[in-house]
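> No letters, just coordinates:
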């Protein structure tokens, strides 16, 4: 009898110990999120630099290699296992969101590793070779203030020269397995490498930081850095750029595919399904998204017809598109500086009205700059976030490759999306929020982030813009552009559309120039699924705003709604819906 009692006591103690252990893990959830952030930075050092995590400034990963993918898999397994031990009932509401975000990212990461996208490690739009050149320009995230900063990037340059070899190795594997880029994209890649294989070292993008070297450096340090950078550029980078350019022309271009979408690749449909899930953070299928896009195109075209009638144009809507594209009055600029000045004027115009819609506003400084020459030909307008400590401003980059043909009819709308209150507000507020764990301050979900930016375009009239019918048409045009993306992205990658079909569909339904449309279609070809995030995210935020207005009636406050959407940073759309629904319930 005594023995039985003793065993029962041991069992009780054992259970108590297990519970204590669980509780300890629960108490350490903050530590878990920090370890998760550190692990993500180690796996993504360029992103870490972008986010101001300076301890990774000399690092570069070879993301296409089997060894790196094994490291990723180990990372996902570790946090999937650790999450299973956390008692979620004791977490705060914000911690529960963190838990669900890590859970979601871990699963999508594992899904992506099942695919062979690493056999196409570069493209003309979004790739390590473009990011590192941007860093090399000395105007982006890579710091060049101290000698250590310069030594850090020197090491990164040396690693990058080896990275180019790894990229070629896996592209050759891709050729063997018929997992290759479309021919049109390869043709755009070749000059990106050829142009950097310059004979004059001073003209190389990687010498930019030497030209901008702080005068406070001693003559000895300046000479040492000049010599070391010159040596790496001439002996390592230039030969590698020449080697890659030759490989692209002689081997990769002949092997490049004639199809446009990844659905034609071995395992391509499965890969696209993962990309759709990753970028939309929903379970929507390509067919459903395609139909949604078709319906939105019809709705927006009807709104465009109203503007056409308002300005008295007598022709068809397609003729009106052509009229807007080529209208001389909408191409008034003679110097690139005039384009930048116009965006600054838009900023000043909306300032008085921003306070009426937003009680929560960022402290991070903001600048507007022309896109760097080395990537201007293929770049879209974009926002690059500032540093969390405010030392580096958020930057709205504007490509102006041909100022005389620069049409500004959509610039009011573009500013709202890329700058204020779009990406600059959302990303800066997220980074500044001290209540969020670090991994969420610097996180990104396209459906939420791009959805928010597209949603802010609808606030133009409330902010004092769109009084000119052509600028309002620009807003409709940009929303149409995002609706078209639902159609053409799914068309290319799920329905077997050709590049030419997608270009033709876009030309028939929006007023963008043909050159711009071609660049956009090739972007979707290079970056499957990303283009779906904008419209689906916007529609969800609009739906949630309408739901809040309908249910809260006179208790609805637009400032509070915007605060609730923005305060917790990016998250999958289902989590945003949970958050807003909870606010509606308590707010009523």
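Nice, I can see it. Keep in mind that this is a model prediction, so the values were computed, not measured. Residues are numbered from 1 along each chain as shown.

> When you work out contacts or count neighbours from here on, use the C-alpha atoms and nothing else.
Noted.

> chain center to the lengthiest helix in the chain, what's the gap?
Using DSSP state H, we find that the single longest helix of the chain is helix 147-177. Offset of helix 147-177 from its chain centre (CA atoms, centre = their mean, to the nearest Å): 22 Å.

> before we move on, what about stretch 314-322?
33 Å.

> So for stretch 254-268, mean pLDDT?
For stretch 254-268, the mean pLDDT works out to 97.

> So what would you say the end-to-end distance of that stretch is?
21 Å (CA to CA, to the nearest Å).

> Could you pull out the buried residues of it?
For stretch 254-268, the neighbour count (16 or more other CA atoms under 10 Å) marks 255-257, 259-265, 268 as buried.

> wait, residue 166 sits on residue 66?
No: with contacts defined as CA atoms under 8 Å, residue 166 does not count as touching residue 66, sitting 10.7 Å away.

> if we can go back for a sec, which strands and helices lie in contact with the longest helix of the chain?
helix 219-232, helix 238-247 (3 or more CA pairs under 8 Å, 6 or more residues apart in numbering; DSSP states H and E).

> With mean pLDDT, distance to residue 317 and mean neighbour count added, can I get these in TSV?
Below are the helices and strands packed on helix 147-177 laid out as TSV (pLDDT from 0 to 100; distance: least, CA to CA, whole Å; neighbours: other CA atoms under 10 Å):
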stretch	mean pLDDT	distance to residue 317	mean neighbour count
helix 219-232	98	55	14
helix 238-247	97	43	19
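
> Indicate which one of those helices is closest to residue 100.
For the helices and strands packed on helix 147-177, proximity to residue 100 was assessed by CA to CA; helix 238-247 is nearest, at 41.6 Å.

> Which strands or helices does the next helix-or-strand element following the closest one pack on?
Moving toward the C-terminus from helix 238-247, the first helix or strand encountered (DSSP states H and E) is helix 253-255. With contacts defined as 3+ CA pairs under 8 Å, 6+ apart, helix 253-255 has these neighbours: helix 183-194.

> roughly how far is the next helix or strand after the helix it packs on from the heart of the chain?
As assigned by DSSP H and E, the chain's next helix or strand after helix 183-194 is helix 208-211. Distance of helix 208-211 from its chain centroid, counting by CA atoms, centre = their mean, is 27 Å.

> residues of helix 208-211 that come out buried?
For helix 208-211, by 16+ other CA under 10 Å, it's 208-210.

> can you check stretch 461-475 too?
Buried residues in stretch 461-475 (16+ other CA under 10 Å): 463, 465-466, 470-475.

> any chance of the residues you listed in CSV, plus secondary structure, distance to residue 567 and pLDDT?
Listed next are those as CSV, based on DSSP: H, G, I helix; E, B strand; the rest coil; distance: CA to CA, whole Å; pLDDT from 0 to 100:
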residue, secondary structure, distance to residue 567, pLDDT
463, coil, 21, 97
465, coil, 26, 98
466, coil, 28, 98
470, helix, 34, 97
471, helix, 30, 97
472, helix, 29, 97
473, helix, 31, 97
474, helix, 29, 95
475, helix, 26, 96
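
> if I look at residue 163, how far off is residue 376?
For residue 163 relative to residue 376 (CA to CA), the value is 24 Å.

> Which one of the two is surrounded by more residues?
Between residue 163 and residue 376, counted using other CA atoms under 10 Å, the more crowded position is residue 163 (21 against 17).

> Assign a three-state SS to residue 145, would you?
Counting by DSSP: H, G, I helix; E, B strand; the rest coil, the backbone at residue 145 sits in coil.

> give me every residue that touches it.
213-214 (CA atoms under 8 Å, 6 or more residues apart in numbering).

> rerun that using 10 Å as the cut-off
Going by CA atoms under 10 Å, 6 or more residues apart in numbering, residue 145 touches 138, 209, 212-214, 216-217.

> Make a PyMOL selection of whichever of those residues turn out to be buried.
PyMOL command restricting the contacts of residue 145 to the buried ones, with burial defined by 16+ other CA under 10 Å:
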select buried, resi 138+209+213
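
> Past the helix or strand hosting residue 537, which element shows up next along the chain?
Using DSSP H and E, residue 537 maps to helix 533-552. Next along the chain after helix 533-552, taking DSSP H and E as the criterion, comes helix 558-566.

> which other helices and strands contact that next one?
helix 336-357, helix 423-432, helix 446-457, helix 533-552, helix 573-587 (3 or more CA pairs under 10 Å, 6 or more residues apart in numbering; DSSP states H and E).

> Out of the ones you listed, which gets nearest to residue 56?
helix 423-432 (18.4 Å).

> Which elements pack onto that closest one?
Against helix 423-432 (3+ CA pairs under 10 Å, 6+ apart) you get strand 366-370, strand 382-384, strand 394-398, helix 411-418, helix 438-441, helix 446-457, helix 558-566.

> What residues does the nearest residue to residue 190 once chain neighbours are set aside make contact with?
Residue nearest to residue 190 in three dimensions, not counting chain neighbours: residue 245, with 5.6 Å by CA to CA, 6 or more residues apart in numbering. Residue 245 sits next to 189-197, 239, 251-252 when contact means CA under 10 Å, 6+ apart.

> Closest one of those residues to residue 552?
Residue 552 has its nearest neighbour among the contacts of residue 245 in residue 189, at 52.6 Å by CA to CA.

> which residues touch the nearest residue to that closest one once chain neighbours are set aside?
Closest residue to residue 189 apart from its sequence neighbours, by CA to CA, 6+ apart: residue 124 at 5.1 Å. Contacts for residue 124 were tallied using CA under 10 Å, 6+ apart; they are 130, 184-192, 375, 378-379, 522-523, 526-527.
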